[in-house]
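*Asks:* All I have is the shape, not the residue letters:
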């Protein structure tokens, strides 16, 4: 004779707490429900938006206001001695960092980071990339901190009387 308590039934294979509470139709913890999927999607979207809001502004200049030159020329009087000035020749890109020593001692190099091409900004004695944080020496264009690996490339300029011209 078969003992009714010894035979295995689906209800008897479940834990006693689940069988007693009647949770047979409740999905297990491993099952993805629509509610859980939408909740995870909402949390992920919020996290991405929060991280994007914490990132640097990608305006290209940071806080520097470049001097605007016309026709690839700028008056030497607009370039202070013993200083680096960002110049926008012809009102268009590319921007150039002009380093003026005393008199006609002038050097120029690109105003764009060699890492990914963002326009650099003056930050004290340095040029700083607002996109990824590279820094360059404002007098030489040499890399001071990564991720940029190459110095800012030179730009050809010439002094013509009291005017500095970009050579193309």
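*Replies:* Yes, it's here. No experiment lies behind these values; they were computed from the predicted model shown.
*Asks:* Can you give me the neighbour number for residue 79?
*Replies:* Residue 79 is flanked by 18 other residues according to other Cβ atoms under 10 Å. For every residue, glycine as well, the C-beta is placed using N, CA and C.
*Asks:* Tell me which residues touch it, please.
*Replies:* 67, 85, 87, 98, 100, 106, 164 (Cβ atoms under 8 Å, 6 or more residues apart in numbering).
*Asks:* Out of the residues you listed, the closest to residue 155 would be?
*Replies:* residue 98 (8.6 Å; Cβ to Cβ).
*Asks:* Quick check: that closest one touching residue 106?
*Replies:* Yes: contact criterion Cβ atoms under 8 Å: residue 98 and residue 106 qualify, at 6.4 Å.
*Asks:* If you rank every helix and strand of this protein by mean pLDDT, what lands last?
*Replies:* The least trusted helix or strand in the chain, going by mean pLDDT, DSSP states H and E, turns out to be helix 10-13, with a mean of 49.
*Asks:* With adjacent residues omitted, what lies nearest to residue 137?
*Replies:* Distances taken as Cβ to Cβ, 6 or more residues apart in numbering put residue 144 closest to residue 137, at 5.8 Å, once the chain neighbours are dropped.
*Asks:* Hmm, residue 126 and that neighbour touching each other?
*Replies:* Yes: counting by Cβ under 8 Å, residue 126 is a contact partner of residue 144 at 6.3 Å.
*Asks:* returning to what we had before: give me the more crowded residue out of residue 98 and residue 106.
*Replies:* Just comparing residue 98 and residue 106: by other Cβ under 10 Å the higher neighbour count belongs to residue 98, 26 against 15.
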